[in-house]
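**Student:** need coordinates for the following:
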Amino acid sequence: MILYLLLIVAPGLLLSGAAAMLVKSRFNYYSKVPSTRGYTGQKAAQKLLDQAGIHDVKVIRVNGFLSDHYNPSTKELALSPPVYDSTSVAAIGVATHEAGHAIQHATGYYPLKWRSILVPAVQFGSPIGMYAMMGGLALISVSAVLGKAIFIFGVIAYAMLVLFQLVTLPVEFNASSRARALVVEAGIVGHQEREGIDKVLSAAALTYVAAFVTSLLTLVYFLMRSGLLGGSDD
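**Tutor:** The predicted model follows:
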């Protein structure tokens with residue numbers, strides 16, 4: 001357990017914490033930089049939807065800080081107050097990124113479909129995968145058959161989370177790529193302002209990379225502890 005804390009938990013917390021701090025820092029900085037063309041986050045997102053011919057998605061306001069998201073099942077593009085009402089470069093970047101997800105959905109972007117398929121498995125398996133792996137390893141010394149069965153169940157459940165996070169990477173990167181291109185094409189911001197959007201979205205992408213790397217290292221660690229991946233269960 002100490003080895004797990006040193007090799008997985010500590011680096012994972014540092015990586016995730018650094019990514020979160022970078023996102024907050026860049027968002028706070030560029031939230032003070034107003035766009036010269038006066039689009040709010042809501043109007044910027046709506047314009048991209050209109051230009052893409054998407055008329056069945058609602059842009060709504062939700063509570064929270066950076067709680068912005070697109071829900072494919074309800075076709076709602078939810079923006080937090082600091083994004084919905086603001087004309088800042090940061091707000092436009094976040095809003096158009098979420099619009100990018102709506103465009104992905106409308107155009108049948110395959111990674112988004114795959115991620116949606118994985119959601120039920122992740123919701124069921126993610127909370128118990130880690131505990132099953134830990135419990136399985138602990139039980140092996142008492143009952144090898146039962147312990148290994150529980151451990152393998154935990155591996156499968158936790159692997160669903162890792163797979164979900166892996167599929168999330170192209171979904172997020174593609175949404176940001178669409179936003180970067182479309183905000184200029186649509187005349188929402190100029191080329192200089194887009195540099196700020198690039199920095200905000202690049203920082204946000206790092207949070208998904210950090211989550212995936214941390215989960216992958218955790219899975220590799222437990223597989224090595226079990227002896228299934230070149231380690232031993234001593």
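
**Student:** now do the phi/psi pair for residue 58.
**Tutor:** Backbone torsions of residue 58, given as degrees, to the nearest 10, read phi -100, psi 130.

**Student:** residue 111 versus the residue nearest to it when sequence neighbours are not counted, what's the distance?
**Tutor:** With CB to CB, 6 or more residues apart in numbering as the criterion, residue 58 has its nearest non-adjacent residue at 5.2 Å, and that residue is residue 76. Heads up, the C-betas are built off the backbone N, CA and C, glycines and all. Separation of residue 76 from residue 111 (CB to CB, to the nearest Å) stands at 20 Å.

**Student:** could you do residue 26 as well?
**Tutor:** 25 Å.

**Student:** show the contacting residues for residue 146.
**Tutor:** The contact partners of residue 146, by CB atoms under 8 Å, 6 or more residues apart in numbering, come to residue 139.

**Student:** check the one 4 residues further on too.
**Tutor:** If you count contacts by CB under 8 Å, 6+ apart, residue 150 has them with 132, 135, 136, 139.

**Student:** what secondary structure does the closest residue to the third one other than its chain neighbours sit in?
**Tutor:** Looking back up the chat, that one is residue 136. In space, and not counting its chain neighbours, residue 136 is closest to residue 151: 2.7 Å by CB to CB, 6+ apart. Under the three-state scheme (DSSP: H, G, I helix; E, B strand; the rest coil), residue 151 adopts helix.

**Student:** can you give me the strands for the protein?
**Tutor:** Applying DSSP state E to the chain gives strands spanning 58-61, 69-71, 76-79.

**Student:** comparing those strands, which comes out most buried?
**Tutor:** Ranked by average neighbour count under the criterion mean count of other CB atoms under 10 Å, the strands of the chain are headed by strand 76-79 at a mean of 22.

**Student:** count of neighbours near residue 37?
**Tutor:** Other residues lying near residue 37 total 14 when counted by other CB atoms under 10 Å.

**Student:** where do the helices of the chain begin and end?
**Tutor:** 2-4, 10-30, 41-51, 81-84, 89-107, 110-140, 144-185, 191-226 (DSSP state H).

**Student:** that older thread, so which of the strands of the chain comes closest to residue 12?
**Tutor:** strand 69-71 (23.3 Å; CB to CB).

**Student:** check residue 41 and give its pLDDT.
**Tutor:** Predicted confidence (pLDDT) for residue 41: 97.

**Student:** same deal with residue 2?
**Tutor:** Each residue has a pLDDT score; the one for residue 2 is 64.
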